[in-house]
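Undergrad: Here's my sequence, what's the structure:
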Amino acid sequence: MTPERFDIYDDQQKWIGTAPRNEVHAKGYWHRSFHCWIVRDEGDKRLVLFQRRRDIKDTYPGYYDITAAGHLTAGEQLQDAHRELEEELGVHTSFDALTYLFTATQQLQGEVRGVPFLDREISSVYGLCLNQSLESYVLQASEVDSLYEAPLDELLALFRQETDVVQASGVCAQVLTSTQEGSVPREEPSTNLDDLCDLGDHSDLKQSARKSRFVSEVRAADFVPHGTTYYLDVLEAMKRVDRV
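TA: Numbers count the residues shown, from 1 in each chain. A predicted model of the protein is given here:
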(Lines give C-alpha, C1' and ligand atoms only; values in the text may rest on other atoms or scores of the structure.)
Protein backbone atom coordinates (compact mmCIF):
# COMPACT_ATOMS: atom_id res chain seq x y z
CA MET A 1 0.00 0.00 0.00
CA THR A 2 1.32 3.45 -0.95
CA PRO A 3 2.05 5.55 2.17
CA GLU A 4 -0.36 8.45 2.76
CA ARG A 5 1.26 11.76 1.77
CA PHE A 6 0.46 15.27 3.02
CA ASP A 7 1.18 18.72 1.64
CA ILE A 8 3.68 20.36 4.00
CA TYR A 9 4.30 24.02 4.83
CA ASP A 10 6.97 26.23 6.41
CA ASP A 11 6.45 28.44 9.48
CA GLN A 12 4.91 31.14 7.26
CA GLN A 13 2.40 28.55 5.98
CA LYS A 14 3.94 28.53 2.51
CA TRP A 15 3.77 25.21 0.66
CA ILE A 16 7.18 23.49 0.49
CA GLY A 17 6.31 20.05 -0.91
CA THR A 18 4.84 16.74 0.21
CA ALA A 19 5.94 14.04 2.66
CA PRO A 20 4.61 10.70 3.94
CA ARG A 21 2.51 10.75 7.12
CA ASN A 22 5.10 9.12 9.38
CA GLU A 23 7.77 11.61 8.30
CA VAL A 24 5.39 14.56 8.77
CA HIS A 25 4.75 13.55 12.40
CA ALA A 26 8.36 12.57 13.07
CA LYS A 27 9.89 15.81 11.77
CA GLY A 28 7.07 18.16 12.75
CA TYR A 29 6.18 19.55 9.34
CA TRP A 30 3.19 21.88 9.24
CA HIS A 31 0.21 20.28 7.45
CA ARG A 32 -3.52 20.87 7.09
CA SER A 33 -6.46 19.14 8.71
CA PHE A 34 -10.26 19.24 8.81
CA HIS A 35 -12.29 19.30 12.05
CA CYS A 36 -16.06 18.95 12.27
CA TRP A 37 -18.03 19.08 15.52
CA ILE A 38 -21.61 17.82 15.54
CA VAL A 39 -24.37 18.91 17.90
CA ARG A 40 -28.01 17.92 18.24
CA ASP A 41 -30.93 19.54 20.05
CA GLU A 42 -33.09 17.78 22.62
CA GLY A 43 -35.82 20.14 23.75
CA ASP A 44 -34.09 23.32 24.91
CA LYS A 45 -30.81 21.47 25.51
CA ARG A 46 -27.97 21.31 22.97
CA LEU A 47 -25.78 18.19 23.07
CA VAL A 48 -22.24 17.95 21.69
CA LEU A 49 -21.00 14.72 20.12
CA PHE A 50 -17.42 13.53 20.46
CA GLN A 51 -15.58 10.30 19.78
CA ARG A 52 -13.10 8.13 21.62
CA ARG A 53 -10.05 7.40 19.49
CA ARG A 54 -9.05 3.79 18.90
CA ASP A 55 -6.27 2.41 21.08
CA ILE A 56 -4.21 1.63 17.96
CA LYS A 57 -3.95 5.30 16.84
CA ASP A 58 -0.45 6.70 16.33
CA THR A 59 -1.26 9.90 18.26
CA TYR A 60 -3.30 10.13 21.48
CA PRO A 61 -4.80 6.62 21.44
CA GLY A 62 -7.82 6.22 23.71
CA TYR A 63 -8.43 9.96 24.14
CA TYR A 64 -11.72 11.78 23.51
CA ASP A 65 -11.62 13.99 20.45
CA ILE A 66 -13.46 15.92 17.73
CA THR A 67 -16.64 14.31 16.38
CA ALA A 68 -14.93 13.74 13.01
CA ALA A 69 -11.56 14.93 11.77
CA GLY A 70 -8.76 14.07 9.41
CA HIS A 71 -5.69 15.24 7.56
CA LEU A 72 -5.83 16.67 4.07
CA THR A 73 -3.84 14.41 1.78
CA ALA A 74 -1.52 15.88 -0.86
CA GLY A 75 -3.49 17.95 -3.36
CA GLU A 76 -6.75 17.62 -1.43
CA GLN A 77 -9.04 20.60 -0.77
CA LEU A 78 -11.33 21.21 2.20
CA GLN A 79 -14.35 20.45 0.03
CA ASP A 80 -12.87 16.97 -0.40
CA ALA A 81 -11.79 16.53 3.22
CA HIS A 82 -15.35 16.60 4.55
CA ARG A 83 -15.40 12.96 3.37
CA GLU A 84 -14.27 12.28 6.96
CA LEU A 85 -17.89 12.62 8.08
CA GLU A 86 -18.95 9.77 5.83
CA GLU A 87 -15.88 7.64 6.48
CA GLU A 88 -15.83 7.92 10.27
CA LEU A 89 -19.53 8.32 11.08
CA GLY A 90 -21.55 7.34 8.00
CA VAL A 91 -22.89 10.90 7.66
CA HIS A 92 -23.82 11.92 4.12
CA THR A 93 -24.02 15.69 3.80
CA SER A 94 -22.78 18.40 1.47
CA PHE A 95 -19.85 20.64 2.32
CA ASP A 96 -22.18 23.64 2.00
CA ALA A 97 -24.24 22.30 4.92
CA LEU A 98 -21.30 22.83 7.29
CA THR A 99 -20.77 26.06 9.23
CA TYR A 100 -17.23 27.45 9.22
CA LEU A 101 -16.14 28.31 12.77
CA PHE A 102 -12.45 29.31 12.68
CA THR A 103 -8.93 28.16 11.78
CA ALA A 104 -6.72 26.79 14.56
CA THR A 105 -2.92 26.52 14.48
CA GLN A 106 -1.72 23.86 16.89
CA GLN A 107 1.45 22.05 17.90
CA LEU A 108 0.95 18.75 19.75
CA GLN A 109 3.89 16.72 20.99
CA GLY A 110 4.14 13.35 22.66
CA GLU A 111 5.21 9.72 22.46
CA VAL A 112 3.17 6.63 21.61
CA ARG A 113 4.57 3.11 22.16
CA GLY A 114 8.07 4.54 22.35
CA VAL A 115 7.80 6.57 19.14
CA PRO A 116 7.92 10.38 19.57
CA PHE A 117 5.77 12.65 17.43
CA LEU A 118 5.40 16.38 16.75
CA ASP A 119 2.02 17.11 15.18
CA ARG A 120 1.90 20.68 13.79
CA GLU A 121 -1.46 21.34 12.16
CA ILE A 122 -3.33 24.16 10.46
CA SER A 123 -6.90 23.07 11.17
CA SER A 124 -10.07 24.37 9.53
CA VAL A 125 -12.85 23.91 12.08
CA TYR A 126 -16.50 23.43 11.10
CA GLY A 127 -19.79 22.73 12.87
CA LEU A 128 -22.93 20.79 11.99
CA CYS A 129 -26.26 20.49 13.79
CA LEU A 130 -27.64 17.06 12.97
CA ASN A 131 -30.61 15.83 14.95
CA GLN A 132 -30.09 12.09 14.89
CA SER A 133 -29.41 9.65 17.70
CA LEU A 134 -26.04 8.17 18.59
CA GLU A 135 -27.37 4.76 17.61
CA SER A 136 -27.91 5.85 13.99
CA TYR A 137 -24.22 6.49 13.27
CA VAL A 138 -22.09 3.95 11.40
CA LEU A 139 -18.57 4.04 12.85
CA GLN A 140 -15.29 3.37 11.08
CA ALA A 141 -13.54 0.46 12.79
CA SER A 142 -10.00 1.69 12.19
CA GLU A 143 -10.65 5.16 13.63
CA VAL A 144 -13.53 5.33 16.11
CA ASP A 145 -13.84 3.26 19.27
CA SER A 146 -17.10 4.76 20.53
CA LEU A 147 -19.31 7.83 20.26
CA TYR A 148 -20.54 10.08 23.08
CA GLU A 149 -22.70 13.10 23.72
CA ALA A 150 -22.91 15.55 26.62
CA PRO A 151 -24.72 18.86 27.21
CA LEU A 152 -22.86 21.79 25.66
CA ASP A 153 -23.23 23.96 28.76
CA GLU A 154 -21.76 21.23 30.96
CA LEU A 155 -18.77 20.82 28.66
CA LEU A 156 -18.22 24.57 28.80
CA ALA A 157 -18.18 24.36 32.59
CA LEU A 158 -15.69 21.48 32.37
CA PHE A 159 -13.19 23.39 30.26
CA ARG A 160 -13.70 26.56 32.33
CA GLN A 161 -12.66 24.44 35.34
CA GLU A 162 -16.00 25.14 37.02
CA THR A 163 -16.52 21.39 37.41
CA ASP A 164 -14.18 18.41 37.45
CA VAL A 165 -16.32 15.85 35.67
CA VAL A 166 -19.24 15.59 33.23
CA GLN A 167 -21.56 12.64 32.67
CA ALA A 168 -21.53 11.63 29.00
CA SER A 169 -23.88 9.19 27.33
CA GLY A 170 -22.13 6.81 24.95
CA VAL A 171 -22.51 3.90 22.59
CA CYS A 172 -19.85 1.37 21.78
CA ALA A 173 -19.51 -0.12 18.35
CA GLN A 174 -20.70 -3.40 16.97
CA VAL A 175 -18.64 -5.02 14.25
CA LEU A 176 -20.50 -5.93 11.06
CA THR A 177 -19.33 -9.28 9.77
CA SER A 178 -20.03 -10.63 6.33
CA THR A 179 -22.27 -13.60 5.62
CA GLN A 180 -23.56 -15.05 2.40
CA GLU A 181 -26.66 -12.90 2.81
CA GLY A 182 -24.80 -9.70 3.65
CA SER A 183 -23.39 -7.98 6.71
CA VAL A 184 -24.87 -8.76 10.10
CA PRO A 185 -23.98 -7.59 13.61
CA ARG A 186 -21.52 -9.76 15.51
CA GLU A 187 -22.64 -10.15 19.09
CA GLU A 188 -19.96 -9.55 21.69
CA PRO A 189 -20.21 -12.18 24.43
CA SER A 190 -18.56 -10.12 27.17
CA THR A 191 -20.47 -7.54 29.18
CA ASN A 192 -17.24 -5.76 30.12
CA LEU A 193 -17.33 -2.26 28.63
CA ASP A 194 -13.64 -2.30 27.71
CA ASP A 195 -14.10 -5.57 25.83
CA LEU A 196 -17.09 -4.24 23.92
CA CYS A 197 -15.32 -1.09 22.79
CA ASP A 198 -11.90 -2.54 22.02
CA LEU A 199 -12.55 -4.64 18.93
CA GLY A 200 -9.04 -5.20 17.67
CA ASP A 201 -7.63 -4.29 14.28
CA HIS A 202 -10.62 -4.48 11.91
CA SER A 203 -9.41 -1.76 9.54
CA ASP A 204 -11.50 -3.09 6.66
CA LEU A 205 -14.79 -3.20 8.57
CA LYS A 206 -17.47 -0.72 9.51
CA GLN A 207 -19.26 -0.69 12.84
CA SER A 208 -22.78 0.24 13.78
CA ALA A 209 -23.48 1.67 17.19
CA ARG A 210 -24.70 -0.75 19.83
CA LYS A 211 -28.20 0.13 20.97
CA SER A 212 -27.48 -0.20 24.69
CA ARG A 213 -26.18 3.09 26.06
CA PHE A 214 -23.91 3.60 28.99
CA VAL A 215 -22.81 6.63 31.02
CA SER A 216 -19.16 7.58 31.52
CA GLU A 217 -17.50 10.19 33.67
CA VAL A 218 -15.51 12.50 31.40
CA ARG A 219 -12.73 14.86 32.50
CA ALA A 220 -10.95 17.60 30.58
CA ALA A 221 -7.66 15.70 30.82
CA ASP A 222 -9.26 12.80 28.93
CA PHE A 223 -9.49 14.89 25.73
CA VAL A 224 -6.75 15.32 23.14
CA PRO A 225 -4.86 18.42 24.38
CA HIS A 226 -5.87 20.85 21.65
CA GLY A 227 -5.82 23.51 24.36
CA THR A 228 -8.45 25.01 26.63
CA THR A 229 -8.92 28.01 24.34
CA TYR A 230 -9.63 25.73 21.38
CA TYR A 231 -12.35 23.81 23.23
CA LEU A 232 -13.96 26.94 24.66
CA ASP A 233 -13.96 28.63 21.24
CA VAL A 234 -15.53 25.55 19.62
CA LEU A 235 -18.24 25.21 22.26
CA GLU A 236 -19.16 28.89 22.19
CA ALA A 237 -19.32 28.83 18.39
CA MET A 238 -21.46 25.68 18.37
CA LYS A 239 -24.20 27.56 20.21
CA ARG A 240 -24.77 29.51 17.01
CA VAL A 241 -24.76 26.66 14.50
CA ASP A 242 -28.18 26.29 12.86
CA ARG A 243 -29.96 23.05 12.19
CA VAL A 244 -29.57 21.51 8.76
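Undergrad: quick one, what contacts A220?
TA: Counting by CB atoms under 8 Å, 6 or more residues apart in numbering, A220 touches 158-159, 161, 228, 231. From N, CA and C alone the C-beta is placed, and that goes for glycine too.
Undergrad: meant to ask about I8, not that
TA: Contacts here follow CB under 8 Å, 6+ apart; on that basis I8 touches 15-19, 24, 29-31.
Undergrad: ok, now S33?
TA: Contacts of S33 were listed using CB under 8 Å, 6+ apart, and they are 69-72, 81, 121-124.
Undergrad: pLDDT of the particular helix or strand that has C172 in it, averaged?
TA: Using DSSP states H and E, C172 sits in strand 166-179. Strand 166-179 comes out with an average pLDDT of 72.
Undergrad: returning to that earlier point: give me the buried entries from the contacts of I8.
TA: Buried by 16 or more other CB atoms under 10 Å: 18-19, 24, 29-31, out of these.
Undergrad: just to revisit the earlier point, list buried residues within the contacts of A220.
TA: For those, a neighbour count by 16+ other CB under 10 Å gives the buried set as 158-159, 231.
Undergrad: Out of those residues, which sit inside helices?
TA: In helices, defined here by DSSP state H, the members of those are 158-159, 231.
Undergrad: For V112, state which of the residues you listed is nearest.
TA: Y231 (21.7 Å; CB to CB).
Undergrad: Can you check the pLDDT for the closest one?
TA: In this model, Y231 carries a pLDDT of 98.
Undergrad: Show me the helices in this protein, by range?
TA: Ranges of helices within the chain are 21-27, 78-81, 83-89, 152-159, 193-197, 228-238, based on DSSP H.
Undergrad: what comes up buried for the first one?
TA: Think helix 21-27. So, applying 16+ other CB under 10 Å, buried residues of helix 21-27: 24-25.
Undergrad: Residues in contact with that helix: which ones?
TA: Helix 21-27 is contacted from outside by 3-6, 8, 19, 29, 31, 58-59, 71, 116-119, using CB under 8 Å, 6+ apart.
Undergrad: just the fourth one next, same as before
TA: Residues from elsewhere that reach helix 152-159 (CB under 8 Å, 6+ apart): 39, 45-48, 163-167, 218-220, 228, 231-232, 235-236, 238-239.
Undergrad: buried ones in it?
TA: Judged by neighbour count (16+ other CB under 10 Å), helix 152-159 contains these buried residues: 152, 154-156, 158-159.
Undergrad: Using TSV, lay out those residues together with pLDDT and distance to L101.
TA: Compiled in TSV, the buried residues of helix 152-159 are given as follows (pLDDT from 0 to 100; distance: CB to CB, whole Å):
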residue	pLDDT	distance to L101
L152	98	14
E154	98	20
L155	98	15
L156	98	15
L158	98	19
F159	98	16
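Undergrad: In JSON lines, list those along with distance to V144.
TA: Shown next, in JSON lines, are the buried residues of helix 152-159 (distance: CB to CB, whole Å):
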{"residue": "L152", "distance to V144": "21"}
{"residue": "E154", "distance to V144": "22"}
{"residue": "L155", "distance to V144": "19"}
{"residue": "L156", "distance to V144": "24"}
{"residue": "L158", "distance to V144": "21"}
{"residue": "F159", "distance to V144": "22"}
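Undergrad: coming back round to it: among the buried ones among the contacts of I8, which lie within strands?
TA: 18-19, 30-31 (DSSP state E).
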